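A.B. asks: Give the three-dimensional model of this entry:
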Amino acid sequence: MRTSTFFISICLVLCFNLLNAQDIGINKEQPKDTVVYKTGYGLRLGVDLSKASLSFFDKSYNGLEIVGDYRISSRWYLAAEIGYEEEITFEDFTTSSAKGNYIRVGANYNTYNNWLDMNNEIYVGGRYGVALFDHTLESYNPNVTTGDVNVPIYFPSTPVNTPVTETGLTAQWLEFVFGIKVETFKNLFIGFSGSFKIATAIEDQLGFKTLYAPGFNDILNSSTGFGYNYTLTYLIPFVNK
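C.D. replies: Presented below is the predicted three-dimensional model:
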């Protein structure tokens with residue numbers, strides 16, 4: 001009887017101590033993680049490496065593009081590209097060229113959730129582009145007709161090589177952009193982006209359709225186009241948040 005009473009007493013004491021310890025564990029304030037990871041907010045500037053390399057390998061092209069963005073929140077960046085391009089377009093019966101300056105302005109939204117102090121991006125964005133350029137019809141083979149419906153139009157073998165230039169042409173368009181940026185070293189980023197462009201207003205040379213606009217690239221029959229760039233940029237951090 002005494003053994004049973006002693007055993008029951010021990011069990012009650014252990015239960016009481018266990019409940020008391022659990023209550024203390026619940027009420028005891030847990031220590032908080034005091035490590036705060038901050039990232040740089042500032043101006044990021046760089047160049048488009050694809051245009052520089054294309055200028056080196058392709059003698060019919062010359063171009064330079066400066067790229068930049070400015071972080072305004074954890075997800076949003078104001079972005080812009082400004083550049084200069086010269087390009088010669090070779091068609092079956094014509095050779096034309098375009099040269100001029102352009103600027104694209106817009107914003108990017110970062111969809112990537114970074115770990116700890118990482119600062120990478122997988123982004124979508126939009127741009128509004130404007131170009132001011134000169135367009136030249138370098139040479140062409142005029143089509144000739146005899147006036148006889150039974151004799152098809154033909155192109156003489158000797159082209160006309162007298163260039164005809166029109167200056168002060170403008171182009172405007174919208175872009176939808178998708179791209180990535182990876183921080184390889186502290187504040188140094190490499191990136192790639194692709195874009196789909198929709199022309200809203202492109203001026204043509206008198207008597208000849210504009211085939212290429214700086215900043216827009218080749219103009220398809222649907223008044224659309226595509227673009228891409230490979231960038232190397234450096235972040236100048238103004239503040240860490």
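A.B. asks: C-alpha from now on. contacts and neighbour counts both.
C.D. replies: Fine.
A.B. asks: So what sits opposite the closest residue in space to residue 235 that isn't next to it in sequence in the bridge?
C.D. replies: Setting aside the residues directly before and after it, residue 235 is nearest to residue 44 in space (Cα to Cα, 6 or more residues apart in numbering), at 4.1 Å. Beta bridges link residue 44 to residue 69, residue 235, judged by DSSP bridges.
A.B. asks: need the contact list for residue 44.
C.D. replies: 68, 69, 70, 233, 234, 235, 236 (Cα atoms under 8 Å, 6 or more residues apart in numbering).
A.B. asks: Can you flag the buried ones in the residues you listed?
C.D. replies: 68, 69, 70, 233, 234, 235 (16 or more other Cα atoms under 10 Å).
A.B. asks: Show the subsequent helix or strand relative to the lengthiest strand in the chain.
C.D. replies: In the chain, with assignment by DSSP state E, the single longest strand is strand 164-185. Counting by DSSP states H and E, the next helix or strand C-terminal to strand 164-185 is strand 188-202.
A.B. asks: returning to what we had before: between the longest strand of the chain and strand 188-202, how big is the angle?
C.D. replies: Between strand 164-185 and strand 188-202, the angle comes out at 150 degrees (axes from the mean of the first three to the mean of the last three Cα atoms, to 10 degrees).
A.B. asks: residues of strand 164-185 that come out buried?
C.D. replies: The neighbour-count criterion (16+ other Cα under 10 Å) identifies 169-183 as the buried residues of strand 164-185.
A.B. asks: Pull the most distant pair out of those residues.
C.D. replies: 169 and 183 (39.0 Å; Cα to Cα).
A.B. asks: where does this structure dip in pLDDT?
C.D. replies: Along the chain, segments meeting pLDDT under 70 span 1-37, 144-149, 151-157.
A.B. asks: residue nearest the centroid of it?
C.D. replies: residue 193 (4.1 Å; Cα atoms, centre = their mean).
A.B. asks: partner residues bridging the nearest residue to that residue once chain neighbours are set aside?
C.D. replies: Nearest non-adjacent residue to residue 193, counting by Cα to Cα, 6+ apart: residue 179, 3.9 Å away. Counting by DSSP bridges, residue 179 forms beta bridges with residue 123, residue 193.
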